[in-house]
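Q: Any chance you can model this:
(chains A and B)
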Protein chains: 2
Amino acid sequence: MFNGLSAFPLTPLVNSTVDEKAFTALIERLAASQVDAIGALGSTGSYAYLSVAERARVARVARLATRAAGEVPVVVSIGAVKIDEVLRLADDAQQAGVSGLLMAPVSYQPLNRDEVYRLYERVSQAVTVPLCVYDNPATTRFAFDDELLIAVCQLPHIGSLKLGPLSGTRAEASARLTALRQAIPAHITLGISGDAHAAAGLLAGCDVWYSVLAGLFPHTARALADAALQGREEEVNRLNAALAPLWALFQRYGSLRPIATLAELSGAVQSPCLPFPLRTLQGEDRAQLAALLAGPALAPH
Amino acid sequence: MFNGLSAFPLTPLVNSTVDEKAFTALIERLAASQVDAIGALGSTGSYAYLSVAERARVARVARLATRAAGEVPVVVSIGAVKIDEVLRLADDAQQAGVSGLLMAPVSYQPLNRDEVYRLYERVSQAVTVPLCVYDNPATTRFAFDDELLIAVCQLPHIGSLKLGPLSGTRAEASARLTALRQAIPAHITLGISGDAHAAAGLLAGCDVWYSVLAGLFPHTARALADAALQGREEEVNRLNAALAPLWALFQRYGSLRPIATLAELSGAVQSPCLPFPLRTLQGEDRAQLAALLAGPALAPH
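A: Take a look at the predicted model:
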C-alpha cells in the first residue's frame, strides 16, 4: 500500500457540496489504472474544507468505487485542528474499510516538537490500520527533524513517512534516507511528496511517490515513477522537462489550483470545483494549462 | 469600541470542554477594569479549537457577563476554514448581541490576494455589525499589502484594521499609517497586535492595542497603552523593560502558551487549560513566569 505510486485525487464540489458522481468516476479511473494506493481526502482532496460527516461519506464512496474496480487500497487523511474530530475521522474511515490513514500535524497554533509527539502518540494508539506520518510545513508550519521522525516511528501502527522535497545533493539525500531507514522499523516505508521533486526523491531511494499528478493523470505519473524507481535517469529528465510548465505553476500557486484547473478543463469535474474562496487559475495560466492538456505531456486520464 | 485597549482573554478548558465559570470570571474582571473592548474567542481564546456550537455558547456567556458588569463592547472572532461556518458564526455572534466581529483570512491552503478579497467581500456583505480585518501571517500564511488593505476597507461594515508589528523606523511606521489613513474611510481605526511591539505601534500612531496581556492583566496593559498613546516614551521603555522576560517567551513560544501558563499559575484557570495537544510551559520557563507573577511587573488582575 505504501509503495510505488500513491494517487491523491480531488474531491470535486458542485454548488458547495461534494460531487459524488464526479468523485466516483475519478476513483474508478484510478483503480483501473493500477496505482498502488489512492489517497482520498488529502490536501488535494480538500479535506480541511469538508465536515466530519462529509469526510465519512467520501471515505465510504471511495471504498465502494474501488471495491467495484479491483480492490486498490484506499488511504484517508484524518488531520483536523480538534483532537476529538481527528479520532472520530479515524473511526469513520476505518469503519468505511480503508486500508490506511494519513495525518499531518495540523493545528491553528503551530505545534512544537513535544506537542507533535503527543498528537501522534494519542492517535497511533487509537487506530488499527497503518498510519502515514506527513511532514508538510507549508500547511502546518511545523517541520519535523529526523530525530522526531525516528521517535514517532517507534509508536504503534506507523506505516510510512511522507516527506517533502529532499534538500542537498543526491548523495546527501541518499545518505539521509539510509540513516533514517537504519533507525526505524523495517516495515515503515519512505515516501516523497512535492511532485516537481518527486522523481529526484525516488532516485535518491524513496519507496513511494505520494502524487498529486497521479490523482488526475495516473499513466503519466506511473511512467515518471517507474523511470525513477528503476534508475532510468535520462527518461526521468525527459518526462520532467515535458511537465516543467506544470511544475512551475505548482510552485507559484500550490498544486491544488493547477490540478483542479486541469480537471475542469478536461471535463472530469464541473467548474468551479474548489471550496470558496479558493479559485482555479484564470487567464493566461489557464490557457497555458489548456495547451498542456492538448499536447503529448499529459497522457489521457 | 475599536480604540484604546482591547483585551483578548483565554477561553479556559477543563476536561476538554469550556470552563464557563472561569471564563465568566475572566470577563467580569475585564469589564470591571474598564478596557475599551473585550475580544472574546480570539487566537488567545482558542477559537479554532472549539466547535461552532461551543463558539456560539461562549459568545452568549461573554455578553451575559459584560451586561452584568457595565456594557463593555464584546468583539468575537469568526474565522474558520469553511465559509458556511464563518457565516454561521457571524450570525450566532450577532444574535448573542456582540458589538463587533474580527476575522483573519483563515484557510488550509494559504489564500492569494484575489481569494482574500472575495472572502471579505462575502462576509462583509453578510454582517450588520462592524468587522475588524486581522492581518496575521503567522496563522494564515497570508500577508496583506497596503493596497489590498485599502481595497478591503472600501467594503461595507469594516471598522478597524488589526495590524501586526510595524517594520522600519518610527518615522517609516508613522508614514505608513498616515498613508493608510488617507486612503481609507475616516471611521476605520488602525490597531496594533503583537504585544512586545504594541507600544511602538501606538507611539507611531495606531489607535488601539489588540492585547493578549490585557486579557489577563488589564491594569498592566492599560498603564502601557496610556503611556504610549500619550507619548510618554520613558515610561513606555520602563514598563516594556519590566515585561521583557514575558515578551521573550511570547517570541519563543507564541503568546498563547505563556499567557495560559500565567493564568494557571495565578489560579484564574485550572490546569491544563489549553486544548490538546497544546501545552502550557513547564520547567524553567514556568518557574520564570512564576517569578514574574510574584514581582511588581504584573499588576494583580
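Q: Which parts of chain A are helices?
A: Using DSSP state H, the helices of chain A run over A:20-32, A:52-69, A:83-96, A:113-126, A:137-140, A:146-153, A:170-183, A:198-203, A:218-229, A:233-242, A:244-253, A:256-266, A:283-294.
Q: interface residues of chain A facing chain B?
A: By C-beta under 8 Å from any C-beta of the partner chain, the part of chain A that sits against chain B consists of A:16, A:43, A:48-51, A:81-84, A:106-112, A:114-116, A:118-119, A:122, A:138-139, A:141, A:253-254, A:256, A:275-279. (Glycine included, C-beta is placed from N, CA and C.)
Q: Mark which of those are buried, thanks.
A: Among the residues of chain A next to chain B, those that count as buried by neighbour count (16 or more other C-beta atoms under 10 Å in any protein chain shown) are A:43, A:48-50, A:81-83, A:106-112, A:115-116, A:118-119, A:139, A:141, A:253-254, A:256, A:275-279.
Q: quick revisit: which one of the helices of chain A has the poorest average confidence?
A: Comparing mean pLDDT across the helices of chain A, the weakest is helix A:137-140, with a mean of 88.
Q: can you list contacts of that one?
A: Residues lying outside helix A:137-140 but in contact with it, judged by C-beta atoms under 8 Å, 6 or more residues apart in numbering or on different chains, are A:43, A:104-107, A:110-111, A:143, A:164, A:254, B:108-110, B:141.
Q: I'd like those as JSON lines, with pLDDT appended.
A: Compiled in JSON lines, the contacts of helix A:137-140 are given as follows (pLDDT from 0 to 100):
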{"residue": "A:Ser43", "pLDDT": "95"}
{"residue": "A:Ala104", "pLDDT": "97"}
{"residue": "A:Pro105", "pLDDT": "97"}
{"residue": "A:Val106", "pLDDT": "94"}
{"residue": "A:Ser107", "pLDDT": "92"}
{"residue": "A:Pro110", "pLDDT": "91"}
{"residue": "A:Leu111", "pLDDT": "96"}
{"residue": "A:Ala143", "pLDDT": "96"}
{"residue": "A:Gly164", "pLDDT": "93"}
{"residue": "A:Gly254", "pLDDT": "95"}
{"residue": "B:Tyr108", "pLDDT": "92"}
{"residue": "B:Gln109", "pLDDT": "91"}
{"residue": "B:Pro110", "pLDDT": "91"}
{"residue": "B:Arg141", "pLDDT": "90"}
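Q: closest to A:Val152 among the residues you listed?
A: Proximity of these to A:Val152 (C-beta to C-beta) peaks at A:Pro105, which lies at 9.7 Å.
Q: Contacts only, for that closest one.
A: When contacts are counted by C-beta under 8 Å, 6+ apart, A:Pro105 touches A:79, A:111, A:115-116, A:119-120, A:140, A:142.
Q: which of the contacts of helix A:137-140 lies closest to B:Glu28?
A: Out of these, the one with the shortest distance to B:Glu28 is A:Ser107. That distance is 30.5 Å, counting by C-beta to C-beta.
Q: Now the residue nearest to that closest one when sequence neighbours are not counted. Its backbone dihedrals?
A: Counting by C-beta to C-beta, 6 or more residues apart in numbering or on different chains, A:Val81 is the residue found nearest to A:Ser107 once chain neighbours are left out, at 6.1 Å. Backbone torsions of A:Val81, given as degrees, to the nearest 10, read phi -70, psi -40.
Q: Please give me every residue in contact with A:Lys162.
A: Taking C-beta under 8 Å, 6+ apart as the contact definition, A:Lys162 lies against A:102, A:132-136, A:191-193, A:210.
Q: which strand residues sit across from it in the sheet?
A: Judged by DSSP bridges, the bridge partners of A:Lys162 are A:Tyr134, A:Gly191.
Q: isn't A:Ala143 right next to A:Asp135, touching?
A: Yes - using C-beta atoms under 8 Å, A:Ala143 makes contact with A:Asp135 at a distance of 6.9 Å.
Q: which of the two has more neighbours?
A: A:Asp135 (21 against 12; other C-beta atoms under 10 Å in any protein chain shown).
Q: Could you tell me how far that one is located from A:Arg118?
A: From A:Asp135 across to A:Arg118, the span is 17 Å (C-beta to C-beta, to the nearest Å).
Q: Let's see if you can find the most crowded of the contacts of A:Lys162.
A: A:Leu102 (31 neighbours).
Q: What distance do you get for it to chain B?
A: Per C-beta to the nearest C-beta, to the nearest Å, A:Leu102 is found 15 Å from chain B.
Q: which non-adjacent residue is nearest that residue?
A: Leaving out its chain neighbours, A:Leu102 is closest to A:Cys132 (C-beta to C-beta, 6+ apart), at 4.2 Å.
Q: Stretch A:246-263: end-to-end distance?
A: Using C-alpha to C-alpha, to the nearest Å, the end-to-end distance of stretch A:246-263 comes to 13 Å.
Q: Actually, stretch A:105-120.
A: Note: stretch A:105-120 ends 8 Å apart using C-alpha to C-alpha.
Q: ok now it, how far from the chain's centre?
A: 20 Å (C-alpha atoms, centre = their mean, to the nearest Å).
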